[in-house]
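Peer 1: Provide a 3D model corresponding to the input given below.
(chains A and B)
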Amino acid sequence: MSEPRAIGTARVKRGLAEMLRGGVIMDVVTPEQAKVAEDAGATAVMALERVPSDIRRDGGVARMSDPSMIDGIQAVVTIPVMAKCRIGHFAEAQVLESLGVDYVDESEVLTPADEAHHIDKWTFTVPFVCGATNLGEALRRISEGACLIRSKGEAGTGNIVEAVRHLRSILGDIKALTVAPSEEIYRWAKELQAPVDLVAEVAERGELPVPMFCAGGIATPADASLVMQMGAQAVFVGSGIFKSEQPEVMAKAIVEAATHFADPSIIAKVSSGLGAAMPGAEIASLEVRLAERGW
Amino acid sequence: MRAGVLCLQGAFREHCEVFATLGADVVEVRTPKHLTDLDALVLPGGESSTISHLLVTSGLREPLSQAIRNGLPTLGTCAGLIVLANEVLDGRPDQEPLCAIDLTARRNAYGRQVDSFEAPLDVKDLVGESFPGVFIRAPVIERVGPGVEVLAMHDDRAVLAREGNVWVTTFHPELANDFRIHEYFLQEVAA
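Peer 2: A predicted model of the protein is given here:
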């Protein structure tokens, strides 16, 4: 290995997110589930000890997964493996980087470790994905070095309503920015609590400078079609697959839906005979709103 | 010039944008009906196991394979190379390549994402400065057949090669903000 090469550049970190577009990233808790996900056509798996709906049920502090569990999943699949660390817990992120995970999710699904700061993600070689409920939050995460944004939704509920709300908020503000006169960019930056140069870049491009996926509440192929027609470029599915009646069938169906999201006849075909989706929850009945974590 | 881009999964949007900038009519290929009247085709980067799976479920695998065998000029980048290769190492057992170019590719051969890198490349017949190579969880070409022409190397391995109508790269020219490889490909297609 003699010729020059540069690792950990913004281009290779964002580039992997670009490779994941049009796909489905699935939460898995065992190597067996990881194989099911890969067999179904997942573009990546998120290795964690409990899916969000179980974290919700169990309560207590949710932390980074046991490295041996992540290792076990890395050993059985060829697709990228992601893993979650707590918000602000840069030591957990360092551990995940040393394990060779392909993406770190600084996630509100785990219990936050810092009530004021997120991780300085520029200092890492491994790329990070972060959640956002609105444009300001997305741009703050990007300014800290996130290379992929996912709208948060409300994880572990099987209820798409929060994901739709967050996507509409982010995409609506982006659209408004594209027609804002230049003097208003500074007020937008102040109100969004985001760096003015990033706000100006979004106004110019009409989209975030990194890919945007959707997470939190996707439980059916039609849910995937909905959020991708709205503008999400790929989907994260957590409890929606392995809490459904037939995980293998549901996983394959959502993979097809992510590709053919704009073709209702294909969505109809893959939605047939799926069995029960995961049991859902009304947002008003929740004791903890995970999406509110993050600053 | 009608340039088709396989839009099942992955970084297809960037290829569409590059071809549109170069003046081609871009066709997004998702089902077999999109394959008619194409002058060229791109298989983009993404996850090769996912793309292979979706080629089967979409019904595209056979007609696409036939079109390439019939001479449709085709460019495969990264995962697209893995789909087109004669032989794939470290792939999934059910991942059957299209056998459209006589080479052996090893998946994720540089390691994990933390080993992904950028490197300048000298490409045969490309005028001007070196080409910015973007390698993301890239495959390595371990063997090339006698009919394959190697157009660029990195660390003594082929990273850009062609055999007749089929071109492959282990890196991502669509992420380079440099259109010269797409231009080169389209010029040869038109010739």
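Peer 1: pretty sure A:I241 contacts A:I25?
Peer 2: No. With contact defined as C-beta atoms under 8 Å, A:I241 does not count as touching A:I25 (10.7 Å). For every residue, glycine as well, the C-beta is placed using N, CA and C.
Peer 1: what sits in contact with each of the two?
Peer 2: Shared contacts of A:I241 and A:I25 (C-beta atoms under 8 Å, 6 or more residues apart in numbering or on different chains): none.
Peer 1: what about those two, which has more around it?
Peer 2: Taking other C-beta atoms under 10 Å in any protein chain shown, A:I241 and A:I25 do not tie; A:I241 has more neighbours (30 against 27).
Peer 1: Confirm that A:E106 sits in a helix.
Peer 2: No. If the criterion is DSSP: H, G, I helix; E, B strand; the rest coil, then A:E106 is strand and not within a helix.
Peer 1: what sits against it?
Peer 2: By C-beta under 8 Å, 6+ apart, the residues touching A:E106 are A:84-88, A:93, A:118-119, A:121, A:128-130, A:146.
Peer 1: what about the nearest residue in space to it that is not next to it in sequence, distance to A:I218?
Peer 2: Leaving out its chain neighbours, the residue that sits closest to A:E106 by C-beta to C-beta, 6 or more residues apart in numbering or on different chains is A:C130, at 5.1 Å. According to C-beta to C-beta, to the nearest Å, A:C130 stands 18 Å off from A:I218.
Peer 1: of the two, who's got more company?
Peer 2: More crowded of A:C130 and A:I218, by other C-beta under 10 Å: A:I218, with 31 against 28.
Peer 1: just checking, that one touches A:S239?
Peer 2: No. In this structure, A:I218 is not within contact of A:S239 by C-beta under 8 Å, at 9.5 Å.
Peer 1: Pull out the CA atoms of stretch A:260-280 and give them to me as PDB.
Peer 2: Provided in PDB are the C-alpha atoms of stretch A:260-280 (Å, rounded to 0.1, in the frame of the first residue of the first chain):
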ATOM      1  CA  HIS A 260     -40.900   1.300  -6.200                       C
ATOM      2  CA  PHE A 261     -42.300   3.900  -3.700                       C
ATOM      3  CA  ALA A 262     -44.000   5.900  -6.500                       C
ATOM      4  CA  ASP A 263     -45.800   2.900  -8.100                       C
ATOM      5  CA  PRO A 264     -49.000   2.200  -6.100                       C
ATOM      6  CA  SER A 265     -49.600  -1.100  -8.000                       C
ATOM      7  CA  ILE A 266     -46.300  -2.500  -6.700                       C
ATOM      8  CA  ILE A 267     -47.000  -1.200  -3.200                       C
ATOM      9  CA  ALA A 268     -50.400  -2.900  -3.400                       C
ATOM     10  CA  LYS A 269     -48.800  -6.200  -4.500                       C
ATOM     11  CA  VAL A 270     -46.200  -6.200  -1.700                       C
ATOM     12  CA  SER A 271     -48.700  -5.200   0.900                       C
ATOM     13  CA  SER A 272     -50.900  -8.200   0.300                       C
ATOM     14  CA  GLY A 273     -50.900 -11.100   2.800                       C
ATOM     15  CA  LEU A 274     -48.300  -9.600   5.100                       C
ATOM     16  CA  GLY A 275     -50.000 -10.600   8.400                       C
ATOM     17  CA  ALA A 276     -50.200  -8.100  11.300                       C
ATOM     18  CA  ALA A 277     -47.900  -5.200  11.400                       C
ATOM     19  CA  MET A 278     -46.400  -4.300  14.800                       C
ATOM     20  CA  PRO A 279     -48.900  -3.200  17.400                       C
ATOM     21  CA  GLY A 280     -48.900   0.600  17.300                       C
END
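Peer 1: In it, which residues are buried?
Peer 2: Residues of stretch A:260-280 classed as buried by neighbour count (16 or more other C-beta atoms under 10 Å in any protein chain shown): A:H260, A:F261, A:I266, A:I267, A:V270, A:S271, A:L274, A:A277, A:M278, A:G280.
Peer 1: which among those residues are in contact with chain B?
Peer 2: Restricting the buried residues of stretch A:260-280 to those within reach of chain B (C-beta under 8 Å from any C-beta of the partner chain) leaves A:H260.
Peer 1: Quote the end-to-end distance of stretch A:237-251.
Peer 2: Terminal residues of stretch A:237-251 lie 9 Å apart, using C-alpha to C-alpha, to the nearest Å.
Peer 1: Let me know the helix or strand that A:I170 is in.
Peer 2: Using DSSP states H and E, A:I170 sits in helix A:161-178.
Peer 1: Pull the number of nearby residues for the closest residue to A:V101 other than its chain neighbours.
Peer 2: Counting by C-beta to C-beta, 6+ apart, A:V101 lies nearest to A:A83, which is 4.6 Å off, once chain neighbours are set aside. If you count neighbours by other C-beta under 10 Å, A:A83 ends up with 28.
Peer 1: correct me, but A:A83 touches A:P67?
Peer 2: No. Contact criterion C-beta under 8 Å: A:A83 and A:P67 do not qualify, at 9.1 Å.
Peer 1: can you pull the buried residues of stretch A:181-196?
Peer 2: Buried, per 16+ other C-beta under 10 Å, within stretch A:181-196: A:I185, A:W188, A:A189, A:L192, A:A194.
Peer 1: Then stretch A:283-295?
Peer 2: Residues of stretch A:283-295 classed as buried: A:L290, A:A291, A:R293, A:G294 (neighbour count, 16+ other C-beta under 10 Å).
Peer 1: Let me know the closest of these to chain B.
Peer 2: Sorting the buried residues of stretch A:283-295 by how near they are to chain B, with C-beta to the nearest C-beta, puts A:G294 at the top with 23.6 Å.
Peer 1: pLDDT score for the residue lying closest to B:G71 once chain neighbours are set aside?
Peer 2: Sequence neighbours aside, B:N165 is the residue nearest to B:G71 in space, at 5.2 Å (criterion: C-beta to C-beta, 6+ apart). On pLDDT, B:N165 comes in at 96.
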